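Asker: coordinates only, no sequence provided:
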């Protein structure tokens, strides 16, 4: 890992075939966490991993890499809940089980920021564009990166405002709580 990398984001999808990379990159740049030391364009490293099982499997090794890099390197895990997990807590437990099998302590595991969308990020994009979405249905496919980037910027603006947002999807609320826990650690 390059010494400038400060946020490592594991996510589902294949490189260039998912909106996740565009959304994550734009969101993180707009949020501009206060611990980031701007020293180039490498502060955020996106790692598309394929499917969710691949993300679960790779997370412990990437966490070890982040821990070895120092206190200011953060691992974020972006995944979809799909139909087999109703809440972020149950999927997080699956990640914890794999991490513990690979020798990661609970204290080390608690340093990971988990961001879980229900089914796909498209539901979040739909909510950020229209103010509503139904997470029991997959949101409409987004075909243009500009719409994805604009939605991520809107989410960053909502995060920065700190005000409650009416009608926010449950998975987005859960993920926002995880982000706020990270921010408290660095403040």
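Answerer: Great, that's in hand. Just so it is clear, the model here is predicted, and its values are computed rather than measured.

Asker: scan this structure for its longest strand.
Answerer: In the chain, with assignment by DSSP state E, the single longest strand is strand 74-80.

Asker: mean confidence (pLDDT) on it, please.
Answerer: Confidence for strand 74-80, expressed as mean pLDDT, is 92.

Asker: okay, buried residues for whichever helix or strand comes after it please.
Answerer: Downstream of strand 74-80, the next assigned helix or strand under DSSP states H and E is helix 88-101. Judged by neighbour count using 16 or more other Cβ atoms under 10 Å, the buried positions of helix 88-101 are 88, 91-92, 95-96, 98-99. Glycine gets a C-beta too; all of them are placed from N, C-alpha and C.

Asker: for this protein, which segments are assigned as strands?
Answerer: Under DSSP E, the chain gives strands at 7-11, 44-48, 74-80, 113-117.

Asker: now these as JSON lines including distance to residue 171 and mean neighbour count?
Answerer: Shown next, in JSON lines, are the strands of the chain (distance: least, Cβ to Cβ, whole Å; neighbours: other Cβ atoms under 10 Å):
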{"stretch": "strand 7-11", "distance to residue 171": "15", "mean neighbour count": "22"}
{"stretch": "strand 44-48", "distance to residue 171": "20", "mean neighbour count": "18"}
{"stretch": "strand 74-80", "distance to residue 171": "9", "mean neighbour count": "24"}
{"stretch": "strand 113-117", "distance to residue 171": "5", "mean neighbour count": "22"}
